[in-house]
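Engineer: Have a look at this prediction, sequence included:
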Amino acid sequence: MLTEDKKIIIETNNLERRYSMGAETIYAIKDISFNIASGEYVAIMGPSGSGKSTLMNIIGCLDTLDGGSYSLNGTPVSDLTDTDLAAIRNNDIGFIFQTFNLLGRSSAIQNVEVPLIYNGVKKAERYNLAKAALNSVGLSDRLHHRPNELSGGQRQRVAIARAMIMNPSILLADEPTGNLDSSTGIDIMNLFKKLHNLKHTIILVTHDHTIAKHADRIITLKDGIVESDIAI
């Protein structure tokens with residue numbers, strides 16, 4: 001499935017995440033193994049309870065494993081400190097959420113600037129970088145609008161600009177069209193396609209097969225295991 005000249009940036013082996021409920025052990029994910037190469041566009045799909053949210057949290061370094069191994073850009077995640085993991089979440093992974101997760105009292109450009117602030121980028125430089133990012137997603141005329149002054153599609157574009165601002169290794173999108181009407185959802189998926197054409201690595205988490213088909217590869221989960229892994 002992967003060409004030999006593609007760099008593997010995500011390597012997972014026998015991933016396991018489990019929870020105890022009284023005397024019973026519940027597996028959210030179990031024995032999951034796959035690789036993702038730089039520049040791939042991968043959809044992880046499955047119904048509610050399939051384990052896709054748990055897997056997304058593992059990939060995004062938001063949760064820890066109970067078994068197996070996960071390497072990101074060649075580094076075992078289990079070897080990293082909390083400080084290292086925070087840096088990865090800010091620099092190496094761009095998060096895009098169904099609920100946008102924007103700061104309600106801040107303008108579009110201020111929202112996009114947030115990762116740059118965490119990295120100590122000076123005010124003038126981060127303004128220019130954030131402005132360029134918003135221009136790239138078609139929001140040059142909405143720089144100073146707050147989220148409640150934007151449509152759902154515009155808010156998601158702000159979130160995408162924020163996710164891209166540190167030029168991350170991976171864009172990790174969790175149900176990015178879930179709160180949008182179908183027409184706006186198509187616009188957002190077309191934007192993801194443009195980002196993929198610019199060689200961004202995209203991992204899309206969804207329950208919707210129509211959305212998943214925008215990717216080049218679909219990993220389907222069922223009951224915490226990989227049911228299929230198909231290039232399309």
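Structural biologist: Sure thing, it's come through.
Engineer: Wait, residue 121 touches residue 128, no?
Structural biologist: No - between residue 121 and residue 128 there is no contact under CB atoms under 8 Å: 9.9 Å. (Each C-beta comes from the backbone N, C-alpha and C, glycine too.)
Engineer: Between the two, which is the more surrounded one?
Structural biologist: residue 121 (18 against 11; other CB atoms under 10 Å).
Engineer: Grab the nearest non-local neighbour of that one.
Structural biologist: residue 129 (7.2 Å; CB to CB, 6 or more residues apart in numbering).
Engineer: from what I can see the one you found touches residue 166, true?
Structural biologist: No - between residue 129 and residue 166 no contact is recorded; they are 9.4 Å apart, counting by CB under 8 Å.
Engineer: Touching both of these two, which residues are there?
Structural biologist: Any residue near both residue 129 and residue 166 by CB atoms under 8 Å, 6 or more residues apart in numbering counts here, and that gives residue 116.
Engineer: bridging residues for residue 230?
Structural biologist: For residue 230, the beta-bridge partners are residue 218 (DSSP bridges).
Engineer: Just to check, it is in contact with residue 213?
Structural biologist: No - contact criterion CB under 8 Å: residue 230 and residue 213 do not qualify, at 10.9 Å.
Engineer: So which of those two has more stuff around it?
Structural biologist: Taking neighbours as other CB under 10 Å, residue 230 and residue 213 compare with residue 213 leading, 14 against 9.
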